[in-house]
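Novice: Provided below for reference: sequence and predicted model.
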Amino acid sequence: MTMTPNLSSNYFELKVVSDGVYAAIAKRGTGAVGNAGIIDLGEETVVFDTMYTPQAAQELRRAAEQLWGRPVSYVINSHFHFDHVGGNQAFAHAAIISTAKTRELMLERGNQLISYAKSHPDYPEQVRTSLERETDANRQKEMADHLGDVLALAADLPVITLTPAALLFDRSLTLQGSKRRAVLMTKGCGHTPCDSILYLPEDEIVFTGDLLSVNTHPHIRDGNAQEWVRILEEIETLALRDAVPGHGPVGGKEDLAVFRAYLTMLLDRAVQLATAKIPLETIPYSDIPEMYAGWQVPSLYANNLKHLCEQFSAAERR
């Protein structure tokens, strides 16, 4: 197996998944936020997702170029969330690939985020003040990470240029190299309306984007939790050894099952709460089942439950 050169970064840990396949696991609170991947096709290099800020993406590009001594040829955007596409501009020389929907939402939501950040320059201080007032240790850690990411984005605001994909695909696209195939596939509306995965069949590795989080609570408001469960079941039918998630450490097929069980638990719990007409404001973020109590970003648990309860209550009223 090829040894990793000295590619230390303040933004991510570079993990060897297989010979020629690397996962860049984001360090929390640095401005990286989302994981990324670097794949050697043989003659060309592929980068999967570009993290949150241009500064993190520049480090990702440096790592990718140093690995095999050549520029990155292809960049894949798994979905539109800014923590996976915010660094696209660092790869403007490469062919950036996404679905048409990802491109559309990347521009729409990216402009909204940048406009909000520029018109609310005091937001980092608001987060800092909230952090200073927080007494719960878990929330303090989560808020400190968020503050670090907010400050990193604020530092890059003057130079951020939205750089959407120029190469669009519909259902699937195969990149064939002398060392391996990389199969890009759309997976419908799970985490977002435009989720894509990258599958390396010979290596039995999948880069999932945010369709999978490992030991980390997900953000579910832009997707469809029921469809998400079905998509995970579909991914589990692939021949898999390793799964690189959008957030958290590298996992395997068993982590897909754990995450699917988490979403199913959320759906079941939301039905119970909505049926019992429990006031949403009484759902505490800390009321997390023991199996998931140690997961990162714990406040998302209550946010996710409240969102699903609102959905079920609205459906009942129709």
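Specialist: Nice, thanks for sending it over. Values in this document were obtained by computation on a predicted structure and should not be read as measured data.

Novice: residue ranges for the strands of the stretch 51-200 of the chain, please.
Specialist: 74-76, 95-99, 167-169, 172-176, 181-186, 196-200 (DSSP state E, counting those that start in this stretch).

Novice: what bits of this structure have low per-residue confidence?
Specialist: 1-7, 285, 315-318 (pLDDT under 70).

Novice: again, 80 this time
Specialist: 1-8, 280-286, 313-318 (pLDDT under 80).

Novice: pull the longest strand from it.
Specialist: As assigned by DSSP state E, the longest strand anywhere in the chain is strand 205-213.

Novice: relative orientation of that strand and strand 181-186 in degrees?
Specialist: Going by axes from the mean of the first three to the mean of the last three CA atoms, to 10 degrees, strand 205-213 is angled at 30 degrees with respect to strand 181-186.

Novice: Show me what strand 205-213 packs onto, helices and strands only.
Specialist: Applying 3 or more CB pairs under 8 Å, 6 or more residues apart in numbering; DSSP states H and E, we find strand 205-213 packed against strand 196-200, helix 225-236, strand 242-247, helix 253-275. C-beta: built from backbone N, CA, C; applies to glycine.

Novice: Tell me how far the residue nearest to T161 when sequence neighbours are not counted lies from S196.
Specialist: With sequence-adjacent residues excluded and distances taken as CB to CB, 6 or more residues apart in numbering, T161 is closest to Q89, at 4.8 Å. Q89 sits 20 Å away from S196, going by CB to CB, to the nearest Å.

Novice: Give me the more crowded residue out of these two.
Specialist: Using other CB atoms under 10 Å, the more surrounded residue of Q89 and S196 is S196, with 28 against 18.

Novice: Relative to R103, how far out is the residue nearest to N215 when sequence neighbours are not counted?
Specialist: Distances taken as CB to CB, 6+ apart place G248 nearest to N215, at 4.8 Å, with adjacent residues excluded. Noted for G248: a distance of 26 Å to R103, by CB to CB.

Novice: residue contacts, the residue nearest to N215?
Specialist: With CB atoms under 8 Å, 6 or more residues apart in numbering as the criterion, the residues that contact G248 are 25, 35, 213-216, 296.

Novice: quick one: which of these is most hemmed in?
Specialist: Busiest of the contacts of G248 [other CB under 10 Å] is N35, holding 31 neighbours.

Novice: Name the residue closest to the centre of this structure, please.
Specialist: G246 (3.4 Å; CA atoms, centre = their mean).

Novice: isn't that one right up against A36?
Specialist: No. G246 is beyond contact range of A36, at 9.4 Å (criterion: CB atoms under 8 Å).

Novice: overlap in contacts of the two?
Specialist: Contacts common to G246 and A36, judged by CB under 8 Å, 6+ apart, are D49.

Novice: Could you measure from V46 over to K179?
Specialist: Counting by CB to CB - V46 and K179 are separated by 11 Å.
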